[in-house]
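> show me the folded form of this:
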Amino acid sequence: MVSVDSYIFSDSCVVSVTSGFEGAKVLQEYGDGNSTFYRECQEKTVIRETSTLRFKLSHPDYEDGEVIAVKVYKKSEKKIDLLGKNDLLINQVRAPLDKDSPEWMRFKSEKVGFKFQAHKSIEEVEILSFVDKENHILPPKKVALYAHLKKGEKVHIRTTNTIGKFSDEVDYYSQTLRLIGKPKLKKILRKTDYFSLEAKPHVKKDVMYELYFDEIIVR
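Below you'll find the model as predicted:
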């Protein structure tokens, strides 16, 4: 019923809705938090700011369908605040084990990158991701951590790479990069302006698998 061309955008994204059922209409929620109402929405809507949109299906002969929430995010041009110990890079909500949940950050690209700042005492970075092989979703095949020095130089940071299940749920994976290479590492961290994390997906039989990230935790 609802599709989005890009959940994370720099300028805008397009949200498309279809009823898929004769005689039914897609209604969108409006309101200020104190009172809400629904009205029929356009098939395509251009969104230019971070927003949570809610839709439901309505038909004169049936009860209204369940409300579907869609979250889209505009990239911030501001410098990311300094992350403290155990802070989350993305959000503070554990995404459900559902590939259609808008709480997952989804990427289908040859390389995905994140930039962030962290204390010079950074020890590890943990990535929580979703696995659904039937729908071509896997954790990154390769992840690399870089330090961007104040003079503009980009330096690869050596790390261990541990992959394992986050919980008893078979579709939730944790991947931890632990920094190694002391004492050279200390010299690099003293000169670091910010860090970047680059992830590459699996490609099997000419099929590029998608990356679904929930939280990226810096410790």
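> ok, the residue most central in space within the chain to residue 199 distance?
For the chain, the residue sitting closest to the mean C-alpha position, by C-alpha atoms, centre = their mean, is residue 105 at 2.1 Å. To residue 199, residue 105 is 11 Å away according to C-beta to C-beta, to the nearest Å. Where C-beta positions appear, they are placed from N, C-alpha and C, glycine not excepted.
> go on, residue 49?
27 Å.
> more neighbours: which of the two?
Neighbour comparison, residue 49 and residue 199: the larger count goes to residue 199, with 22 against 9 (by other C-beta atoms under 10 Å).
> separation between the residue lying closest to residue 142 once chain neighbours are set aside and residue 110?
With sequence-adjacent residues excluded and distances taken as C-beta to C-beta, 6 or more residues apart in numbering, residue 142 is closest to residue 200, at 4.6 Å. Using C-beta to C-beta, we find residue 200 at a distance of 7 Å from residue 110.
> who has more neighbours, those two?
For residue 200 versus residue 110, neighbours defined as other C-beta under 10 Å are more numerous around residue 200 (16 against 8).
> show me this protein divided up by domain.
With domains defined by automatic domain parsing, the chain comprises 2-74, 87-218.
> tell me how far the residue of the chain positioned farthest from its centre lies from residue 22.
What lies farthest from the middle of the chain is residue 61; by C-alpha atoms, centre = their mean that is 38.4 Å. According to C-beta to C-beta, residue 61 and residue 22 sit 11 Å apart.
> may I have stretch 132-150 exported as CSV, CA atoms only?
Output of stretch 132-150 as CSV, limited to C-alpha atoms (Å, rounded to 0.1, in the frame of the first residue of the first chain):
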residue,chain,number,x,y,z
ASP,A,132,16.6,-12.5,5.9
LYS,A,133,18.2,-14.7,3.2
GLU,A,134,15.0,-15.4,1.4
ASN,A,135,14.6,-11.7,0.7
HIS,A,136,18.3,-11.1,0.0
ILE,A,137,19.1,-9.3,3.3
LEU,A,138,22.4,-10.1,5.0
PRO,A,139,24.9,-8.3,7.3
PRO,A,140,27.8,-6.6,5.6
LYS,A,141,30.4,-8.8,3.9
LYS,A,142,33.1,-6.3,4.8
VAL,A,143,33.2,-3.4,7.3
ALA,A,144,36.1,-1.0,7.7
LEU,A,145,36.7,1.8,10.2
TYR,A,146,38.7,4.9,9.3
ALA,A,147,40.0,7.9,11.1
HIS,A,148,39.9,11.3,9.4
LEU,A,149,42.8,13.4,10.7
LYS,A,150,42.7,17.1,11.2
